[in-house]
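**Q** Give the three-dimensional model of this entry:
(one chain, ligands or ions: 1)
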Amino acid sequence: MVKVVICGAAGGIGQPLSLLLKQSNLITHLALFDVVNAPGVAADLSHINTKSKVTGHGKEEMDEALQGAHTVVIPAGVPRKPGMTRDDLFKINAGIVRDLATGVANNCPGAFVLVISNPVNSTVPIFCEILKKHGVFNPKKVFGISTLDVVRSSKFISEVNTSIDPSTTRVTVVGGHSGATIVPLLSQIPGGFVGSLSQDQLDTLTHRIQYGGDEVVKAKDGAGSATLSMAYAGARFTLTLLQATVSGQRGSVESTYVNLDADLTNESVKAFRNRTGLDYFAQDVEFGPDGVEKILDLPTLSSYEQKLLETAIAELKTNIDKGTSFVTENTIA
Ligand SMILES: NC(=O)c1ccc[n+]([C@@H]2O[C@H](COP(=O)([O-])OP(=O)(O)OC[C@H]3O[C@@H](n4cnc5c(N)ncnc54)[C@H](O)[C@@H]3O)[C@@H](O)[C@H]2O)c1
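**A** Below you'll find the predicted structure:
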């Protein structure tokens, strides 16, 4: 039995994400939870001729949806509108994520949790803090989904150099998941890619990756933020994790935003933590049967990337504090 729950399943991301996951034979039960329209989306998807059972769960049925979950994917919340930053979303989405974390702690404390709701830099600390309060936090099992930054990086570099195949060239993206906290390590792309760019091209490409979400928000003109590309990225991450945790596949790597306790004995993670004071960071992670198998070492950065990283670290500290303080200030002891 592999039950995957989508919280926010009727939304712009939730629906296409559920459709993509319905195609996987690794999932036996897809449970769709949303405060609106979940039964309708579930009835529709349930007619697709793949093995998994699909159930829909409305506003009052969060507990039932979450019970027995192997993995919980969370695209619940409000998307960005023009003029809003990811931090503007904080107040609304923080409360939603806190309540879902409480639901996970009560109903499926051992589940893998994939947080898509923005601002990820703060919502992941909120989720972890709530699980800690319930005594069920396992840092190897909670992931902030920054895969869209990786997906965009692959695509955008292939538009600069058409000999790059975006479907097979993975870019490591470290830091966090908003604006200046997104640090794409373009110097790691083989074939001397960065060396072939002018400083202007490198600045433009880096900025495009960091603020790619704005292109979509602007083009949708008030109708929301990235949904289809996000669903693709979310499904890619979920399926990679399931291949490791259900099928026992080893060695797969994705960049993701995690609590650094996920790899406690790793000396380079310890050194990074001592230097920066950060408890959360996005980095390449290798998956294993228990979730995070290993946080990979940061490669040697170019001086350009080092500067980006220092900016990211300062902003991340604030974002993380905002998440942890929200839990301290908004939960009943
Ligand atoms: N991680 C990323 O890369 C990334 C990319 C794009 C968007 N996002 C974020 O994902 C979230 C969802 O975006 P969207 O475009 O799908 O928004 P949307 O408004 O289309 O959908 C959100 C869904 O969540 C539901 N919802 C609200 N409160 C809920 C609750 N308490 N429990 C369950 N469901 C609830 C809503 O009813 C709605 O169906 C936003 O926070 C957005 O900023 C993240």
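**Q** if I read this right, A282 contacts S178, doesn't it?
**A** No - using Cβ atoms under 8 Å, A282 makes no contact with S178, being 10.7 Å away. C-beta coordinates here come from the backbone N, C-alpha and C atoms, glycine included.
**Q** For these two, indicate the residue with more neighbours.
**A** A count of neighbours by other Cβ atoms under 10 Å puts A282 above the other of A282 and S178, at 29 against 24.
**Q** Confirm that the more buried one sits in a helix.
**A** No - per DSSP: H, G, I helix; E, B strand; the rest coil, A282 lies outside any helix segment and is strand.
**Q** So in terms of bridging, what pairs with it?
**A** Per DSSP bridges, the residues bridged to A282 are G175, Y257.
**Q** Please tell me how far it sits from K133.
**A** 24 Å (Cβ to Cβ, to the nearest Å).
**Q** again, but for A105
**A** Counting by Cβ to Cβ, the gap from A105 to K133 is 8 Å.
**Q** can you check C7 too?
**A** C7 is 19 Å from K133, by Cβ to Cβ.
**Q** which of these two has more neighbours?
**A** Between C7 and K133, counted using other Cβ under 10 Å, the more crowded position is C7 (33 against 16).
**Q** List the backbone torsions phi and psi for the residue in the stretch 101-250 of the chain positioned nearest to the ligand.
**A** With Cβ to the nearest ligand atom, the shortest gap between the stretch 101-250 of the chain and the ligand falls at N118, namely 3.4 Å. Dihedral angles of N118 (phi, psi; degrees, to the nearest 10) stand at phi -90, psi 160.
**Q** can you pull the pLDDT of it?
**A** If you check N118, the pLDDT there is 93.
**Q** That one contacts G77, doesn't it?
**A** Yes - look at N118 against G77 with Cβ under 8 Å: they come within range, at 7.0 Å.
**Q** what residues are shared contacts of the two?
**A** By Cβ atoms under 8 Å, 6 or more residues apart in numbering, N118 and G77 have these common neighbours: L89, N93.
**Q** Please list the residues of the stretch 51-200 of the chain that sit near the ligand.
**A** 75-80, 89, 93, 96, 99, 116-118, 120, 145, 148, 177 (Cβ under 6 Å from any ligand atom).
**Q** Restricted to buried residues, select those residues in PyMOL.
**A** Of those, the buried ones can be selected in PyMOL as follows, counting by 16 or more other Cβ atoms under 10 Å:
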select buried, resi 75+76+77+78+79+80+89+93+96+116+117+118+120+145+148+177
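**Q** what ranges do the helices span in this protein?
**A** 14-22, 38-45, 62-66, 90-107, 120-133, 147-160, 199-210, 212-220, 228-245, 267-276, 303-330 (DSSP state H).
**Q** Let me know which of those helices is tucked in deepest.
**A** A comparison of the helices of the chain by mean neighbour count, using mean count of other Cβ atoms under 10 Å, puts helix 120-133 on top with a mean of 26.
**Q** Packing partners of that helix?
**A** Counting by 3 or more Cβ pairs under 8 Å, 6 or more residues apart in numbering; DSSP states H and E, the packing neighbours recorded for helix 120-133 are helix 90-107, strand 112-115, strand 142-144, strand 253-259, strand 280-288, helix 303-330.
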